[in-house]
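Engineer: missing the sequence, but the structure's below:
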Ligand SMILES: Nc1ncnc2c1ncn2[C@@H]1O[C@H](COP(=O)(O)OP(=O)(O)OP(=O)(O)O)[C@@H](O)[C@H]1O
């Protein structure tokens, strides 16, 4: 069989939509805001200055802000007068000008895109300085309250009553010094260093002057000598002329050496080596004492984290409300223990075991919602293997449906006999969802499955399982179980954190979840229905999930993390750049309601991607829940079983089925109606599944569906299948090699179905489907008729031969 060729078109995973407030972060908005602040600061400044000249006249207008007849003397009108009165007179006096300055600075910083933390720091310092100025002015003079403002005046008065005038002076001086030391790094060392530098500069200047002077002298020398030389002979001249040149050089070099020495004493060691062969020019070196560089203690991601806080994936639907408990029905769940029933069961157990010569030392009963567990401690010397061998006989003797013998109970060394209660109690979804165990669970994907025999809520983590296989005969509570799983996740996980892919070949079981499509569902692009009912689409979705898995692994690799939990934590900490394709990854839960149907129609095409996903997807947050009512080995194949360690078995009809699901008997002994066995690979727990009815699910989906949703369902990567596509216009030359054989089979059987071709020709679903399309194009079978087989338009072999012959001749 030709190997399936797939061209896989990778698309980037869907990115998050920009939030409604993202325009606030654009440069245009920031520039406009910055300019606004600068102009506002100027407005305030003019109003403040004007206030100092007009404040007395404007006193009476202050309270008449809305009165049109009253005019203010302030250059910026009544608003200016009121603001100035508030900040200067009632506030900080002259110090209030710092507010103008700070607003101006903030606007400027925003325009030049300075770090937000710089603005905050500058405001902190500005406000402190303003307070200090206000109090100091209040301290220095009390006549003009306008200089210090009421705050400065009052604080000053208040402090003076406690620490006196001198005390306050010391405190103010201390704060001034502290401000200078911290803000401008004015330490004692820096002060000494400054003095030293000043001295060096001074000396360097002196040297410069000396050189200049010596230059001047030399410049003048030739003029004088020229005069004298006039009376000297040529010979004499040349000899004498040499002398000054030599003396000039020696003169300067001796001077320079002196200079070098003095400088050397003062300069730092690095300069010493440079100055050893110093030339005239080098004296001019401007010695700048380097200040200690400021080091940033935080990296970029820390800075972003500090400025914007942790990334919140739920921000887009921040008002999302989780479904309330009252949407779930409450039942009377008090377990009534009938002492007569208990006693009768005990007697029957003791009697039966006695028949097999098994003595009982002790017996204890634990009453659960649907069954009671009788724990037996056999008499000394009785081998447990004996009881285990007699399991079936004992069950038969007790002659009640649903009896299961656990010999021994793991970790206890006792023998357990589970007997159904005559009156069972419904375990409501309400009781398990509202339980503390579920509500306070720290699990990633908690599922409240139901209650154990000891009436404890049983919560498991889907993320740890990591995939779940659910099987059980029809009508035993599988669909309710699936709904319980989905409901649990809806009550615990925000739409941003988990997405479901629902496959429902039965077309009716999961339709209610359509209402939450844009909140919780994921689907292929350009697909209308989020809930998948068609086998071809299932194959596409599974392959698309494989692409999503590969994409996610690439992201994990780039982020250097091992699993989705670490990845999302890193993303929330803003350590991963969204511009590099990183995004918050929701968990994806794929639910297949009827697996048998898929395996029967698509075989390997479904099995292979499922096995691949099951093997690899746990680390990247893709989890599978596969349910089937036909737990036979050709449905739950070895490869599937090997990758689904967590399994749930509802009641099945045979021990073989039980073994297929659980690798152990017991599921055939269940009583149905949500009675289930759960195993995660080790021990088997008997659980009564929580009951959630269709109206309850409807209420929950209505509640969620009525809330604000994302613009569309979560998009899975696109998957392009080479083998798909309409074949109606297929050329005769492009026909499948097996076309003739297929036509003969169809005509012989008079049944136009792809599955017939699959079986007879041992083909995959896709190839068989394509053959059917080609047969349709050739006019051998009729059009698609839903679940019914297509009509065969050729009555017999001879007619078929004729048709094919005619085609050739055309
Ligand atoms: N946990 C439960 N508690 C009480 N009753 C239950 C529970 N689960 C199922 N039932 C009862 O069993 C009936 C059948 O359940 P459900 O529809 O889930 O079966 P199913 O296995 O999905 O059947 P099918 O495969 O035909 O869809 C329910 O209508 C309900 O009355």
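Structural biologist: Okay, I see it. Source: prediction; values computed, not measured.
Engineer: shouldn't residue 97 be in contact with residue 45?
Structural biologist: Yes: the criterion here is CB atoms under 8 Å, and residue 97 meets it with residue 45 at 7.0 Å. Any C-beta I mention is one placed from the backbone N, CA and C, and that applies to glycine too.
Engineer: all helices of the stretch 351-500 of the chain, in order?
Structural biologist: 384-389, 391-398, 429-433, 436-439, 478-492 (DSSP state H, counting those that start in this stretch).
Engineer: Output those helices as JSON lines; include the columns distance to residue 567, mean pLDDT and mean neighbour count.
Structural biologist: Listed next are the helices of the stretch 351-500 of the chain as JSON lines, based on distance: least, CB to CB, whole Å; pLDDT from 0 to 100; neighbours: other CB atoms under 10 Å:
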{"stretch": "helix 384-389", "distance to residue 567": "47", "mean pLDDT": "77", "mean neighbour count": "14"}
{"stretch": "helix 391-398", "distance to residue 567": "48", "mean pLDDT": "73", "mean neighbour count": "16"}
{"stretch": "helix 429-433", "distance to residue 567": "29", "mean pLDDT": "93", "mean neighbour count": "25"}
{"stretch": "helix 436-439", "distance to residue 567": "26", "mean pLDDT": "92", "mean neighbour count": "14"}
{"stretch": "helix 478-492", "distance to residue 567": "20", "mean pLDDT": "93", "mean neighbour count": "23"}
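Engineer: Make a markdown table from those and add distance to residue 87 to it.
Structural biologist: Supplementary listing: these in a markdown table, determined by distance: least, CB to CB, whole Å:
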| stretch | distance to residue 87 |
| --- | --- |
| helix 384-389 | 88 |
| helix 391-398 | 89 |
| helix 429-433 | 56 |
| helix 436-439 | 51 |
| helix 478-492 | 51 |
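Engineer: For the residue most central in space within the chain, give me its contacts.
Structural biologist: For the chain, the residue nearest the mean C-alpha position is residue 584 (3.4 Å; CA atoms, centre = their mean). By CB atoms under 8 Å, 6 or more residues apart in numbering, the contact set of residue 584 is 16, 311, 313, 496, 568, 571-572.
Engineer: Ok, residue 517 next?
Structural biologist: By CB under 8 Å, 6+ apart, the contact list for residue 517 reads 523, 530, 713.
Engineer: in the stretch 251-400 of the chain, what residue is nearest the ligand?
Structural biologist: Relative to the ligand, the nearest point of the stretch 251-400 of the chain is residue 370 (8.2 Å; CB to the nearest ligand atom).
Engineer: Next: the chain.
Structural biologist: Counting by CB to the nearest ligand atom, the chain gets nearest the ligand through residue 674, at 2.2 Å.
Engineer: mind checking pLDDT for that residue?
Structural biologist: Looking at residue 674, its pLDDT reads 91.
Engineer: okay but it is in contact with residue 477, surely?
Structural biologist: Yes: using CB under 8 Å, residue 674 is in contact with residue 477, at 3.9 Å.
Engineer: Tell me if I'm right that residue 74 and residue 58 touch.
Structural biologist: Yes: taking CB under 8 Å as the definition, residue 74 is a contact partner of residue 58 at 5.8 Å.
Engineer: higher neighbour count, these two?
Structural biologist: Of the pair residue 74 and residue 58, residue 74 is the one with more neighbours under other CB atoms under 10 Å, namely 26 against 23.
Engineer: what about that one, which SS state?
Structural biologist: coil (DSSP: H, G, I helix; E, B strand; the rest coil).
Engineer: list the contacts for it?
Structural biologist: Residue 74 makes contact with 47, 50-51, 54, 58, 80-81, 84 under the criterion CB under 8 Å, 6+ apart.
Engineer: Which of those residues ranks first by neighbour count?
Structural biologist: Using other CB under 10 Å as the neighbour criterion, residue 84 leads those with 27 neighbours.
Engineer: Could you identify the helix or strand that succeeds the strand or helix carrying that one?
Structural biologist: Using DSSP states H and E, residue 84 sits within helix 77-84. Helices and strands here follow DSSP H and E; after helix 77-84, the next one along the chain is helix 97-111.
Engineer: Give me the helices and strands touching that next one, please.
Structural biologist: helix 27-58, helix 116-140 (3 or more CB pairs under 8 Å, 6 or more residues apart in numbering; DSSP states H and E).
Engineer: Using TSV, lay out these together with distance to residue 699.
Structural biologist: TSV is the format used below for the helices and strands packed on helix 97-111 (distance: least, CB to CB, whole Å):
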stretch	distance to residue 699
helix 27-58	43
helix 116-140	45
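Engineer: Show me which of the ones you listed has the highest average neighbour count.
Structural biologist: Of all the helices and strands packed on helix 97-111, helix 116-140 has the most neighbours on average by mean count of other CB atoms under 10 Å, namely a mean of 18.
Engineer: Could you give the average pLDDT over the helix or strand following that helix?
Structural biologist: Where DSSP H and E defines the elements, the next helix or strand beyond helix 116-140 is helix 145-184. Helix 145-184 shows a mean pLDDT of 83.
Engineer: what number of residues lie near the nearest residue to residue 752 once chain neighbours are set aside?
Structural biologist: In this structure, residue 752 finds its nearest non-sequential neighbour in residue 790, 3.2 Å apart by CB to CB, 6 or more residues apart in numbering. Neighbour count of residue 790, defined by other CB under 10 Å: 19.
Engineer: What distance do you get for residue 790 to residue 800?
Structural biologist: Using CB to CB, to the nearest Å, one obtains 15 Å as the distance from residue 790 to residue 800.
Engineer: Please apply the same query to residue 763.
Structural biologist: Per CB to CB, residue 763 is found 20 Å from residue 800.
Engineer: returning to that earlier point: for the contacts of residue 74, give me JSON lines that also has distance to the ligand and pLDDT.
Structural biologist: Output for these, formatted as JSON lines (distance: CB to the nearest ligand atom, whole Å; pLDDT from 0 to 100):
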{"residue": "47", "distance to the ligand": "74", "pLDDT": "87"}
{"residue": "50", "distance to the ligand": "80", "pLDDT": "86"}
{"residue": "51", "distance to the ligand": "77", "pLDDT": "85"}
{"residue": "54", "distance to the ligand": "82", "pLDDT": "79"}
{"residue": "58", "distance to the ligand": "79", "pLDDT": "76"}
{"residue": "80", "distance to the ligand": "74", "pLDDT": "85"}
{"residue": "81", "distance to the ligand": "75", "pLDDT": "84"}
{"residue": "84", "distance to the ligand": "74", "pLDDT": "86"}
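Engineer: can you list those in JSON lines and add distance to residue 667?
Structural biologist: Shown next, in JSON lines, are the contacts of residue 74 (distance: CB to CB, whole Å):
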{"residue": "47", "distance to residue 667": "84"}
{"residue": "50", "distance to residue 667": "90"}
{"residue": "51", "distance to residue 667": "88"}
{"residue": "54", "distance to residue 667": "93"}
{"residue": "58", "distance to residue 667": "90"}
{"residue": "80", "distance to residue 667": "84"}
{"residue": "81", "distance to residue 667": "86"}
{"residue": "84", "distance to residue 667": "84"}
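Engineer: Now do the residue lying closest to residue 702 once chain neighbours are set aside against residue 51, distance only.
Structural biologist: Nearest in space to residue 702, with sequence neighbours left out and distances taken as CB to CB, 6+ apart, is residue 515 at 6.4 Å. According to CB to CB, residue 515 stands 62 Å off from residue 51.
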